[in-house]
Each structure stands twice: as structure tokens, then as C-alpha cells.
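> The amino acid sequence is not available; the structure is as follows:
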């Protein structure tokens, strides 16, 4: 006799039939389902185990093949990640080089703006002549003999 028909044959008042059904379900059906392998993703009965030696060997082979496929998948993802990292490293080096030369250019421009104006060659000659000490006269330096007439302050 099925549990459902057995519950209907009980003569309980209508309001207590629901409570009785819940109690019977929890005390009779659930422990039986737990003994048969649980009520997991595969439904009633049947666990995640083999019933014969051949089925066990097949499960083991399938598990090995699944693990090998997963390893191949992980290796390909690792190779993709490695290539992506290499590409990013090249991009970073390129960006660093461009930034370095941009900074040098900016520094050169800033120094050029702060530097004083450069003077021309003619201005440099004129400035050197104006700052140069006056030449000795013929009384102070004899051009023929090269004798220097020192001032009295410098003589003994």
C-alpha cells in the first residue's frame, strides 16, 4: 500500500490530516530516501558510486579524462595569461620610454625658458674690450727693450 493512500484511509479530522502528512513524510519517507543514497541532484536513490567493477573502472577512466581535459583547459588559460602579461610588459616599457623622453623634452624647454638670453659674437667682443684693463703707455712699458716702469708704490 502506498503512503498516500494509507494517509487517506486514516480517519483524522480535516484540519489534522495536513499535520499527519508532514509527520509521516518526515518520519518514514525521508529516512528511507537517505538510506537509498539521498535526495541529491540525481533524484531518488543511486549515489555517486559504482555498482559493478566495470562501472567503477569506467567511472575512474571518465574521471581521469575529465581531469586531463581540465588540465588542458587550465594550461591554455595560463598560456593566454602569460602572453597577455608579456604584451602588457612591452606596452609598459614603451610607455616608460615615451614618458622618459617627454620629461627630458619638458625639462629642456623649461631650462631654455629660464636661461638668460644668449649674446652674439660681436656683443661678446665689445663686452670683452670694455671690461679689459687699459693698455700700458710707452712711458710705463718700453716697447723696444720690454722694460716695465713700475709705480713708486711698488718699488723698493
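Yes, it's here. Here the structure is a predicted model, which is why all the values come from computation and not from measurement. Numbering: from 1, shown residues only.
> Could you chop this protein up by domain?
Domain assignment for the chain, taken from automatic domain parsing, gives 1-39, 76-112.
> Worst mean pLDDT among the ones you listed?
Mean pLDDT per stretch puts domain 1-39 lowest among the domains of the chain, at a mean of 57.
> burial measure for the closest residue to residue 139 other than its chain neighbours, as a count.
The spatially closest residue to residue 139, leaving aside those adjacent along the chain, is residue 149, at 6.4 Å (Cβ to Cβ, 6 or more residues apart in numbering). Every residue, glycine included, has its C-beta placed from N, CA and C. Around residue 149 there are 12 other residues, counting by other Cβ atoms under 10 Å.
> Residue 151 now?
Neighbours of residue 151 under the rule other Cβ under 10 Å: 7.
> State the phi and psi torsions of it.
Residue 151 adopts backbone torsions of phi -70, psi 160, taken as degrees, to the nearest 10.
> The residue nearest to residue 139: what's it in contact with?
139-142 (Cβ atoms under 8 Å, 6 or more residues apart in numbering).
> show me where the protein has helices.
3-9, 14-24, 30-35, 53-114, 121-131 (DSSP state H).
> any chance of those in TSV, plus distance to residue 155 and mean neighbour count?
Below are the helices of the chain laid out as TSV (distance: least, Cβ to Cβ, whole Å; neighbours: other Cβ atoms under 10 Å):
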stretch	distance to residue 155	mean neighbour count
helix 3-9	143	10
helix 14-24	136	11
helix 30-35	130	11
helix 53-114	51	10
helix 121-131	29	9
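> Could I get the ones you listed in JSON lines, plus columns for distance to residue 154?
Below are the helices of the chain laid out as JSON lines (distance: least, Cβ to Cβ, whole Å):
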{"stretch": "helix 3-9", "distance to residue 154": "137"}
{"stretch": "helix 14-24", "distance to residue 154": "130"}
{"stretch": "helix 30-35", "distance to residue 154": "125"}
{"stretch": "helix 53-114", "distance to residue 154": "46"}
{"stretch": "helix 121-131", "distance to residue 154": "24"}
